[in-house]
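1. structure for the following, please:
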Amino acid sequence: MKLQTIKNKIGAQIKVARRAKKWSQLTLATATGTTKETIRNIENGNANCTVEKLANIETALQINIFICTKKEIKKK
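-> Okay, the predicted model is just below:
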């Protein structure tokens, strides 16, 4: 799986979870100690995130970000 595909999938999961909570990007940014622009870039697949930043987002949104490859899906 290409890096850009992974970043897009992570960003999409974050966006869906944020919207489900009816949070703005600014609300999520404040909850995670980052900026609205950073959240926008992550959601659009345009940012390289640290594991720490992703963990902060997971905690704030109360989600688990999960990415698997087609091979992993076939094994299950």
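2. which positions in stretch 57-72 come out as buried?
-> I57, E58, A60, L61, I63, I65 (16 or more other CB atoms under 10 Å). The C-beta positions use only the backbone N, C-alpha and C, and glycine is treated the same way.
3. same question, stretch 47-54
-> The neighbour-count check on stretch 47-54 (16+ other CB under 10 Å) flags A47, C49, K53 as buried.
4. go on, stretch 3-21?
-> In stretch 3-21, counting by 16+ other CB under 10 Å, buried: K7, K9, I10, G11, Q13, I14, K15, A17, R18.
5. just send the residues you listed back as CSV, with distance to A31 and pLDDT too.
-> Shown next, in CSV, are the buried residues of stretch 3-21 (distance: CB to CB, whole Å; pLDDT from 0 to 100):
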residue, distance to A31, pLDDT
K7, 21, 94
K9, 22, 93
I10, 17, 95
G11, 17, 97
Q13, 16, 96
I14, 12, 97
K15, 15, 98
A17, 12, 97
R18, 10, 98
